[in-house]
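> Okay, structure incoming, though there's no sequence with it:
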């Protein structure tokens, strides 16, 4: 009987050990997700660069191809969770490259070299990876407006809404949806006016709805040929887009603009300030 009890005990211990091993051997948790929407009429490609804290080094991945008119999801599991990554693409290589980091790459394999001797060859080049905000539930990179059939003109940075600005608009619309309000339409004209005001505040070192020429937000809209029925503006500066939106939502006046049911369109202009700050302008309108 004693021997039988010992056998049973060994089997129970064995099963327990197997159970513990199976639990600890589960796949690692997802580090971050990236969703890419390509609204152009041709396939586009991108590469991503991020710092892997597990091995204390920069990791470069690419190329990823996104077909015309398609949306694709990418999961990166071999890095710690990120607040920011850096993206280089055939569509966008970064407005405001003062926030970019440059790496020498071999374009066919997209291997990068950081402070190491680089093999020579025709495919060797230096590219700018520009900062892109990641959030807990992943980030969404959108190329072009819906049904767009040509690339943005690189000579005119105000001709399109940047991916960071689209992310800011998405965060704003998420807050509206939580209150049962419809999403506002992203407006490139409003974004251009908002971005110019953000840039003006940075370059001339002031922080106000009224610029140094005495123009209010409504004056700036009219000066840019934008007729509106109602309009409003929020301004702020912060170290990342998500925190900026959260701060606006905690302020009664700014929150009222974001949750105003009378507005139909919005533009968010972003511009880098000193010491890693970002100046943001939300410009609302109904037509």
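Received, thanks. Computed from a predicted model, the values in this text were never measured in an experiment. Residues are numbered from 1 along each chain as shown.

> Assign the nearest residue to residue 184 once chain neighbours are set aside to helix, strand or coil.
Counting by Cβ to Cβ, 6 or more residues apart in numbering, residue 266 is the residue found nearest to residue 184 once chain neighbours are left out, at 4.1 Å. Placement of C-beta: from N, CA and C, glycine included. Classification of residue 266 using DSSP: H, G, I helix; E, B strand; the rest coil returns strand.

> was I right about residue 266 contacting residue 188?
No: applying Cβ atoms under 8 Å, one finds residue 266 not in contact with residue 188, separated by 11.0 Å.

> quick one, which of the two is more surrounded?
residue 266 (26 against 13; other Cβ atoms under 10 Å).

> The more buried one and residue 259, how far apart?
In this structure, residue 266 and residue 259 are 12 Å apart, going by Cβ to Cβ, to the nearest Å.

> next one: residue 214
In terms of Cβ to Cβ, residue 214 sits 30 Å off from residue 259.

> Of the two, which one has the most company?
Between residue 214 and residue 259, residue 259 has the larger neighbour count (other Cβ under 10 Å), namely 16 against 7.

> Enumerate every residue touching the more buried one.
Neighbour list for residue 259: 175, 176, 179, 181 [criterion: Cβ atoms under 8 Å, 6 or more residues apart in numbering].

> and residue 206, helix, strand or coil?
Residue 206 - assigned by three-state DSSP - is coil.

> That one reaches residue 213, doesn't it?
No: using Cβ under 8 Å, residue 206 is not in contact with residue 213; the gap is 11.3 Å.

> Tell me how many other residues crowd residue 132.
The tally of other residues near residue 132 (other Cβ under 10 Å) stands at 23.

> Pretty sure residue 101 sits in a helix.
No: counting by three-state DSSP, residue 101 falls outside a helix, being strand.

> Okay, and the beta partners of it?
Beta-bridge pairing for residue 101 (DSSP bridges): residue 129.

> same check, this time on residue 282
Residues in beta-bridge contact with residue 282 (DSSP bridges): residue 234, residue 268.

> That one: what's it in contact with?
Contacts for residue 282 (Cβ under 8 Å, 6+ apart) come out as 168, 172, 194, 233, 234, 235, 248, 257, 258, 266, 267, 268.

> need these in a markdown table with pLDDT and distance to residue 126, can you?
A markdown table is the format used below for these (pLDDT from 0 to 100; distance: Cβ to Cβ, whole Å):
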| residue | pLDDT | distance to residue 126 |
| --- | --- | --- |
| 168 | 91 | 29 |
| 172 | 94 | 36 |
| 194 | 94 | 32 |
| 233 | 95 | 39 |
| 234 | 95 | 38 |
| 235 | 95 | 36 |
| 248 | 94 | 38 |
| 257 | 93 | 42 |
| 258 | 95 | 41 |
| 266 | 94 | 37 |
| 267 | 93 | 33 |
| 268 | 95 | 31 |
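
> By neighbours, which of these wins?
The most crowded member of those, judged by other Cβ under 10 Å, is residue 268 (32 neighbours).

> unless I'm mixing things up, that one is touching residue 197, no?
No: counting by Cβ under 8 Å, residue 268 stays clear of residue 197, with 11.3 Å between them.

> Now for the two: what residues contact both?
Shared contacts of residue 268 and residue 197, defined by Cβ under 8 Å, 6+ apart, are found at residue 281.

> hang on, the earlier thing: going by distance to residue 142, which of the contacts of residue 282 wins?
Of all these, residue 142 sits closest to residue 168, with 12.1 Å by Cβ to Cβ.

> Return the residues in contact with the closest residue in space to that closest one that isn't next to it in sequence.
In this structure, residue 168 finds its nearest non-sequential neighbour in residue 268, 4.2 Å apart by Cβ to Cβ, 6+ apart. By Cβ under 8 Å, 6+ apart, residue 268 lies in contact with 165, 168, 169, 172, 191, 194, 280, 281, 282, 283.

> that older thread, ok, now which ones touch the residue nearest to residue 184?
169, 172, 184, 185, 186, 187, 190, 282, 283, 284, 285.

> Could you do residue 273 as well?
Residue 273 sits in contact with 202, 237, 279, where contact means Cβ under 8 Å, 6+ apart.

> For these, which single residue is the most surrounded?
Neighbour counts for those (other Cβ under 10 Å) peak at residue 279, which has 23 neighbours.

> Can I get the contacts of residue 282 in JSON lines including distance to residue 223?
Conversion of those to JSON lines gives the following (distance: Cβ to Cβ, whole Å):
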{"residue": "168", "distance to residue 223": "23"}
{"residue": "172", "distance to residue 223": "24"}
{"residue": "194", "distance to residue 223": "13"}
{"residue": "233", "distance to residue 223": "14"}
{"residue": "234", "distance to residue 223": "20"}
{"residue": "235", "distance to residue 223": "18"}
{"residue": "248", "distance to residue 223": "25"}
{"residue": "257", "distance to residue 223": "21"}
{"residue": "258", "distance to residue 223": "25"}
{"residue": "266", "distance to residue 223": "19"}
{"residue": "267", "distance to residue 223": "15"}
{"residue": "268", "distance to residue 223": "19"}
